[in-house]
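Enquirer: here are the coordinates; sequence isn't available:
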């Protein structure tokens, strides 16, 4: 297995890990939006019930549930913040690995160019020898 292949595999893995972290961010954003939407809906229910008249026990129940939704929202915000930090870290790792792959590719290209130059020199030397031999044969015939 070549160094280039190894580094490419590492880059692919880093890209997959970055993608998973980005998906986690998106899922946390959706969760946060869902909790926020549900809280808003619940607040509307409380408002509607308040207009119709509500006893203190029911009001306390609504208020306690809204507090739980607020707590859930805070927890999801923490998870979202951590997920964003992970994306940042994984992106940095992926970029570093991408640079390694590019460095190996650059070295491979330099090697290929050098090998092509050597092959061209060998070919030119061979043609020069053939031309020299033909010249000598023509001269002595």
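Expert: Great, that's in hand. As the structure is a prediction and not an experimental result, all values here were calculated from the model.

Enquirer: next, work out how far apart residue 67 and residue 58 are.
Expert: 15 Å (CB to CB, to the nearest Å). Just so you know, the C-beta spots here come from the backbone N, C-alpha and C atoms, and that holds for glycine as well.

Enquirer: these two: which is more packed in?
Expert: residue 58 (13 against 10; other CB atoms under 10 Å).

Enquirer: hey, where'd the helices end up in this protein?
Expert: Counting by DSSP state H, one finds helices in the chain at the ranges 3-52, 56-139.

Enquirer: avg pLDDT for the first one?
Expert: Same thing as helix 3-52. For helix 3-52, mean pLDDT rounds to 94.

Enquirer: what about residue 83, how many residues nearby?
Expert: 19.

Enquirer: any idea which residue sits dead centre in the protein?
Expert: For the chain, residue 18 is the residue whose C-alpha lies nearest the centre (CA atoms, centre = their mean; 3.5 Å).

Enquirer: quick check: pLDDT value at the closest residue to that residue other than its chain neighbours.
Expert: Using CB to CB, 6 or more residues apart in numbering and skipping the chain neighbours, the partner closest in space to residue 18 is residue 90 (4.3 Å). On pLDDT, residue 90 comes in at 97.

Enquirer: so what's residue 90 up against?
Expert: 14, 17-18, 21 (CB atoms under 8 Å, 6 or more residues apart in numbering).
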